[in-house]
Structures are given as C-alpha cells and as structure tokens.
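Q: Return atomic coordinates for the entry below.
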Amino acid sequence: MAKIAALPIVGMVLAECAQAGLMIVSKAAMSTGMNNLIFVCYSNALAAFVLLPTSLFFHRSTERPPITFSILCWFFLLGLLGCIAQLIGYAGINYSSPTLGTAMLNLIPAFTFVLAVIFRMEKIDGRSCSTLAKTLGTIVSISGAFIVTLYKGPPLLMTASVDLLSHNQLFLPQSNWVIGGMLLGFHCVVAAAFLIIQASVLKKYPAELIVVFYYCFFVAIQSGVVLWFVERDLSAWALNPKLRLFAVLYSGVFGSAFQVGVSTWCLNRTGPVFVSMFKPLGIVVAVAIGVIFLGDTFYLGSLIGAIVIVTGFYSVIWGKANEEKMDDDAGARSLASKKQRIPLLQNIIEEI
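A: From the prediction side, this is the model:
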C-alpha cells in the first residue's frame, strides 16, 4: 500500500523535472526565431506518434469503453484548452523568461483549488484538519515559490560560468516582461480549467494514455489549422539550427508524451489539486539545473524558498492522506455495521 501511495509522488516529481527542462529548451528554440505555433504543432504531432502504439500496448488487456461522438467532443475540448494554454504559455516565456514562467506556474494550485471547490471535486470543511492542511499547504507552497524567484539574498554556492544554450541571452529579462507576465497569468487560468476538465474526462474514459494520445492529436490538428492561415512561409517550418530539432524532440517525447502522460495517470488516482500542488517544484528543479548545468549561483533565497515549498508539500500530502484514511475508516465502519445487522435479520426470520 505504501509503495502504491508513493508512485504518484515520484511520478509528479519526474514530470516536473521534465517540465522545467521543457521551459529551458523551448525558450532556447524561440530565441532562434522559431514560431511558438510551429513548436506546439511539431511537439504534439511527435507526442501523438509516440503515444499511439504505447497507449494501445498498455491498455491492450483492459476493457475500454467505446469512443462515442460525445467522448470525442470531450477530447476535442481538452485539446482546445491545452492548445490555448500551450500557445499562451510559450508566448509568455518568449516575452519574458523561464524564471518568470516557473514562478507564474505556482498560481495554478490556487486557481485549481478554487475551481475544484466550485465543481465539488474537493471537500471543504472549516473544522477539518485535512481541509486546513491542504489550504495552508497551498498558500505556503505558493509563497515559497515566489521567495525562490523574487528574493536572492547572499550567494551560498558559486560555480564556474558555463556557456550552454547561450545562457546569458537565454535568461536576460526583456522589455516586454509585463506582457509576458500577463500572458503567463492567463495561461495559469486556462491550465487550471484544463486540469478540472481532464479529471472529468478521465471519469468518463479511464484509459489515461489513450486520453493523452487524443489530447496531443487534437492539439497538433488545431495548431496546424491555425498555422495554415497565419504562417504561409514554408521556410519557417525548417528545424534549423539543430537546437530547434532538439527542442522539438525533447518537447514531444518528454514534455508532451512523458510529462502529460504521467501527470494524467497521477490525476486519475489522486485528483487535480494534488497534481497542481507539484507545480512549485519546478522552481526548485530550475534552480538545480541552473547550478549544475548552467553555472548559476545558488542563493540563500533559493534555500529558504525550497524549505518553505517542501513544508507546504508535506502539509498538503498529509491532508490528502488523512482525508483518505478518514474515508477508509468510515467505509470500514459502515461495512461492519451492515455485517452486524445481517445476523439480527436472520434470527428474526428464524423466529418467524
């Protein structure tokens, strides 16, 4: 049981590592002049190509509900939200930086929690320790993520400068920082709605990888249709320099197929708030990548923020675990009560 409970946590940590890497390679590709629409189209087309045989293999022995027109409409809506979120998100990163992008992602838990409450996917009880733990954990995690981004403090660990993916140009703040921040904020709203719709779709069609395949398929189709009208220059589709090809391969395999697939699997087992709570971890991963691979400096603010984020995670995970334990105990008591009634009914029947 403990191993099963730990799998979603490990899966979300790996998914956020892939997400942090996607932030960096996508910014690097768009810094070469690559259209973000083309990047989205290529990445999701590759992801759909990878997921088609993978989904059929993993779900070969399970009974899958039929794909009706209604289910296809839900897949299309999921793809539409995902397409909008990706386009706005990449545009925001292009206008600003991966640092601001990872910071703004931490607004998703708050939006998701509110939407989950509105759609009654999360229980709210002001007297419950579980509810208080999840609420405070959400606030603490978001606060820690902003500490990592906005407060540096004195350097704790300095490494030699590494010229990788034109590091200085890659993280240089631009004049359109405010526009990028607004786009990323809207991206978080759409992403939160996406998580809620995705949870609803998985209840109707509980085959995670097949859902992700159709999601990537429809995103590729929708972005391709838009490109047909807005980008007629065929040279813009070229994957030169090689950095663009690497970014598309990474995004398609790790950013879309792996990251979305693992997140969807975890979402189906834990709920949308648990999944969105791991978004602040992207800040910590980005800091680690910066120190190890990009020659960044590790500051006191990064350490403090990481500790605050971990504290928030423990609070939310404890709240979820305590809530599940209470539900299991309530179910066990209900079952025991039914078993006690059965012999009583049998005695009454025998007496009659």
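
Q: How many neighbouring residues does residue 210 have?
A: 21 (other CB atoms under 10 Å). Yep, even glycine has a C-beta here, placed from its N, CA and C like the rest.

Q: Tell me how far it lies from residue 216.
A: 11 Å (CB to CB, to the nearest Å).

Q: Now for this structure, the helix or strand with the poorest mean pLDDT.
A: helix 167-170 (a mean of 47; mean pLDDT, DSSP states H and E).

Q: what's the following helix or strand after that one?
A: Downstream of helix 167-170, the first helix or strand assigned by DSSP states H and E is helix 177-204.

Q: can you give me the offset of that next one from its chain's centre?
A: 10 Å (CA atoms, centre = their mean, to the nearest Å).

Q: cool, stretch 271-290 as well?
A: 8 Å.

Q: how about it as PDB, C-alpha atoms only?
A: The C-alpha trace of stretch 271-290 is given here as PDB (Å, rounded to 0.1, in the frame of the first residue of the first chain):
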ATOM      1  CA  GLY A 271      -7.300  14.400  -8.100                       C
ATOM      2  CA  PRO A 272      -6.500  17.700  -9.700                       C
ATOM      3  CA  VAL A 273      -5.400  19.600  -6.600                       C
ATOM      4  CA  PHE A 274      -2.700  17.000  -5.700                       C
ATOM      5  CA  VAL A 275      -1.300  17.200  -9.200                       C
ATOM      6  CA  SER A 276      -1.300  21.000  -9.400                       C
ATOM      7  CA  MET A 277       0.400  21.200  -6.000                       C
ATOM      8  CA  PHE A 278       3.600  19.900  -7.600                       C
ATOM      9  CA  LYS A 279       3.900  22.900  -9.900                       C
ATOM     10  CA  PRO A 280       6.000  24.900  -7.400                       C
ATOM     11  CA  LEU A 281       8.600  22.100  -7.500                       C
ATOM     12  CA  GLY A 282       9.500  23.400 -11.000                       C
ATOM     13  CA  ILE A 283      11.200  26.400  -9.300                       C
ATOM     14  CA  VAL A 284      13.400  24.100  -7.300                       C
ATOM     15  CA  VAL A 285      14.300  21.900 -10.300                       C
ATOM     16  CA  ALA A 286      15.000  25.100 -12.400                       C
ATOM     17  CA  VAL A 287      17.400  26.300  -9.600                       C
ATOM     18  CA  ALA A 288      19.100  22.800  -9.600                       C
ATOM     19  CA  ILE A 289      19.500  22.800 -13.400                       C
ATOM     20  CA  GLY A 290      20.900  26.300 -13.300                       C
END
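
Q: On the three-state scheme, residue 156 is what?
A: The three-state label given to residue 156 by DSSP: H, G, I helix; E, B strand; the rest coil is strand.

Q: Run through the residues that contact it.
A: Neighbour list for residue 156: 298-300, 302-303 [criterion: CB atoms under 8 Å, 6 or more residues apart in numbering].

Q: And the residue nearest to residue 231 when sequence neighbours are not counted, how far from residue 248?
A: In space, and not counting its chain neighbours, residue 231 is closest to residue 35: 6.1 Å by CB to CB, 6 or more residues apart in numbering. Noted for residue 35: a distance of 12 Å to residue 248, by CB to CB.

Q: Looking at those two, which is more packed in?
A: residue 248 (23 against 18).

Q: Show me the strands in the chain, by range?
A: For the chain, the strands defined by DSSP state E occupy 155-157, 298-299.

Q: looking at it, residue 91 is touching residue 35, isn't it?
A: No. With contact defined as CB atoms under 8 Å, residue 91 and residue 35 do not form a contacting pair (10.3 Å).

Q: can you give me the helices for this protein?
A: 2-31, 36-58, 69-95, 98-104, 108-118, 129-150, 167-170, 177-204, 208-230, 242-250, 259-270, 272-276, 281-292, 300-351 (DSSP state H).
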